[in-house]
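*Asks:* I would like to see how this sequence folds:
(one chain, ligands or ions: 2)
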Amino acid sequence: MNEYDTNRIYDTVKDIGYLKTNDHLNADCYLLNTCHIRDKSKEKVFDEIGRVRKNYKNKKKPIMIVAGCVAQAESDEMIKRDPYIDIIIGPQSYHKINKIIKNFNFKKDELTEFNTEDKFNYLDKIKNNDSGVSSFLTIQEGCDKFCNFCVVPYTRGPEFSRPFNKIIEEAEQLIKNGAKELTLLGQNVNAYLYKYGNKSYKLSNLILELDKITELKRIRYTTSHPKDMTDDLIECYSSSKKLMPFVHLPIQSGSDKILQLMNRNHNVEKYMQVHRMIKEINNKVEFSSDFIIGYPGELDTDFNDTMELVKNIKFINSYSFIFSPRPGTPASKLKPVEKEIAKERLINIQKVLEDYQIKKNETLIDKSIEVLVENKLKNQNKYFGRNVFLNSVVFEGEKRHIGKLVNIKITKTNRNTLFGKIDENKNMRAA
Ligand code: SAM
Ligand code: SF4
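*Replies:* Ligands and ions are numbered 1, 2, ... in the order given. Just a heads-up that it's a prediction; the model follows:
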């Protein structure tokens, strides 16, 4: 979502004459769009500001803006810790960025209210210039679920769903710009609910509406919550021709005790039920997930339950991190699991997750798979695209392949990437 937000901020500031530069130590203005989900990402912000301060080439100080969730959560502390920061702007105040830059006179400024509706009303009037083959499109923001470990409800604010027609208009714009794949975004994307008069629109309605647009080839969405995987959405894995057979569905832990301590509002059985229902409807669908390891109270038996779940589902790609206490969240006050134990568990789970990923990739060797070609790799005569499961695919191709669905015969794989060559036989047949 930060990538989407950064593009939209850029579409906005262009109006007052600010353009991107590659001269990184000579800019008039810096904008760091930040993530607060784990502590590491926050520290990166200060490193980056320090790097600019030390190496900046001009005499006049640049305007230093910190945007995003770190800015929202730690506005005062940030300015105190590094006075090089001039402007703090939270994720729901981006629409005011031009005003704040134009009026800036080197007095510190902070914008951290939750104005999600105003923000989108403003952004809806500005053309989305993203011209990627695969584009992001935010449909929902914020969260009302308050998992005990998570900062999102405090940094992105309450759940907000954008108007259905505005999303479709933005999708049409992106498709005009060249998008062939859209990833619908939200912190709880499957909680999307827009009411207008006596009608209400859900994520499934959006998917089926986008399905009708001929030029659009692929639809994805992320990130979803198990509780909001409703029957109508599950049904889309059979009724939509363009929804990709890949669900990123975070579970965090395979232990009901830990899920309850996390305030996740679902148990393992609910997750397994969603998995079963989707597989019954379309057995090609594969799953990935997020895991938090070493959550306060996690015993070996809880961790073993998580490993059991991983073995049952055979996720093809997942994210796993050690619990990071976030300031202001209920879990930050709890006694953490010993660092060494948490680290060992993380290594164990990542080993199993990686093995599945490698094995799944290996099953594709010598097979011809459909790839949406996104771009040419820098400094190499190779092209990059993704298969339906979001794996990176690198192959020898040609410029004319960009934006097209092509068949690639896989010759080699590693954990993250599939390598191959154009399958002339299949592509000719398709033509
Ligand atoms: N809304 C989605 C859900 O509930 O499944 C997840 C969105 S959250 C922004 C992305 C991921 O960050 C979570 O799934 C979780 O694994 C991870 N995360 C959030 N807070 C964390 C924390 N305090 N420590 C470690 N990982 C965290
Ligand atoms: Fe964070 Fe997701 Fe829980 Fe919301 S549902 S609090 S975004 S982990």
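
*Asks:* tell me the pLDDT at the closest residue to residue 30 other than its chain neighbours?
*Replies:* What sits nearest to residue 30 in space, not counting adjacent residues and going by Cβ to Cβ, 6 or more residues apart in numbering, is residue 64, at 5.2 Å. For the C-beta atoms, the positions are set from N, CA and C on the backbone; glycine is no exception. At residue 64, the model reports a pLDDT of 95.

*Asks:* part of a strand, is residue 64?
*Replies:* Yes. Judged by DSSP: H, G, I helix; E, B strand; the rest coil, residue 64 forms part of a strand.

*Asks:* and it, how many neighbours?
*Replies:* Counted with other Cβ atoms under 10 Å, residues neighbouring residue 64 total 21.

*Asks:* and the gap between residue 49 and ligand 1?
*Replies:* Distance, residue 49 to ligand 1, using Cβ to the nearest ligand atom, to the nearest Å: 23 Å.

*Asks:* may I have the helix or strand hosting that residue exported as PDB, CA atoms only?
*Replies:* Assigned by DSSP states H and E, residue 49 belongs to helix 39-55. The C-alpha coordinates for helix 39-55 follow below in PDB (Å, rounded to 0.1, in the frame of the first residue of the first chain):
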ATOM      1  CA  ASP A  39      10.500  -1.900  14.700                       C
ATOM      2  CA  LYS A  40      13.100  -2.500  12.000                       C
ATOM      3  CA  SER A  41      11.300  -0.400   9.500                       C
ATOM      4  CA  LYS A  42      11.200   2.600  11.800                       C
ATOM      5  CA  GLU A  43      14.900   2.600  12.300                       C
ATOM      6  CA  LYS A  44      15.500   2.600   8.600                       C
ATOM      7  CA  VAL A  45      13.800   6.000   8.400                       C
ATOM      8  CA  PHE A  46      16.400   7.600  10.800                       C
ATOM      9  CA  ASP A  47      19.300   5.900   8.900                       C
ATOM     10  CA  GLU A  48      18.000   7.400   5.700                       C
ATOM     11  CA  ILE A  49      17.600  10.900   7.000                       C
ATOM     12  CA  GLY A  50      21.100  10.700   8.600                       C
ATOM     13  CA  ARG A  51      22.500   9.700   5.200                       C
ATOM     14  CA  VAL A  52      20.900  12.700   3.500                       C
ATOM     15  CA  ARG A  53      22.000  15.100   6.300                       C
ATOM     16  CA  LYS A  54      25.600  13.900   6.100                       C
ATOM     17  CA  ASN A  55      26.000  14.000   2.300                       C
END
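
*Asks:* residues from the stretch 101-250 of the chain in reach of ligand 2?
*Replies:* 143, 145-147, 150, 152-153, 187-188, 225 (Cβ under 6 Å from any ligand atom).

*Asks:* re the thing from before, could you measure from the residue nearest to residue 30 over to ligand 2?
*Replies:* 28 Å.

*Asks:* the strand or helix carrying residue 10 and ligand 1 in contact?
*Replies:* Counting by DSSP H and E, the element that carries residue 10 is helix 2-13. No. Helix 2-13 stays clear of ligand 1 (Cβ under 6 Å from any ligand atom), getting no nearer than 10.9 Å.
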